[in-house]
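Q: fold the stuff below for me.
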Amino acid sequence: MKTVIVKMPDKKERLLTSFLKRNRFRSRVLSKEELEDAMLARWIDEGMKSEDVPLEKVFKLLDKNGANR
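A: Numbering: from 1, shown residues only. Down below sits the predicted model:
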């Protein structure tokens, strides 16, 4: 099974979810925070494998969430 992540305006969300439901696809709507958490978890997993995570990605995510350096 594969996962597709689509960013779209809130107004279009209902259209897509109803289409997916009619075609018997499972769907889940993620909040902005849930998406950021998933991205951070993916970077952590990559770092555990390669031991190298670009600092700019980490700082960008921290800045986006209002953390001070």
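Q: so who does the most centrally placed residue in the chain touch?
A: Among the residues of the chain, Leu35 comes closest to the average C-alpha position under C-alpha atoms, centre = their mean, at 2.9 Å. Shown in contact with Leu35 (C-beta atoms under 8 Å, 6 or more residues apart in numbering): Ile5. (Each C-beta comes from the backbone N, C-alpha and C, glycine too.)
Q: show the average pLDDT along the helix or strand in which it is found.
A: Assigned by DSSP states H and E, Leu35 belongs to helix 32-50. What helix 32-50 shows for mean pLDDT is 82.
Q: okay, now Glu36: neighbour count?
A: Neighbourhood size, Glu36 [other C-beta atoms under 10 Å]: 14.
Q: any idea how far Leu15 is from it?
A: 24 Å (C-beta to C-beta, to the nearest Å).
Q: equivalent analysis for Lys21, please.
A: 11 Å.
Q: what sits against Asp45?
A: Contacts of Asp45 (C-beta under 8 Å, 6+ apart): none.
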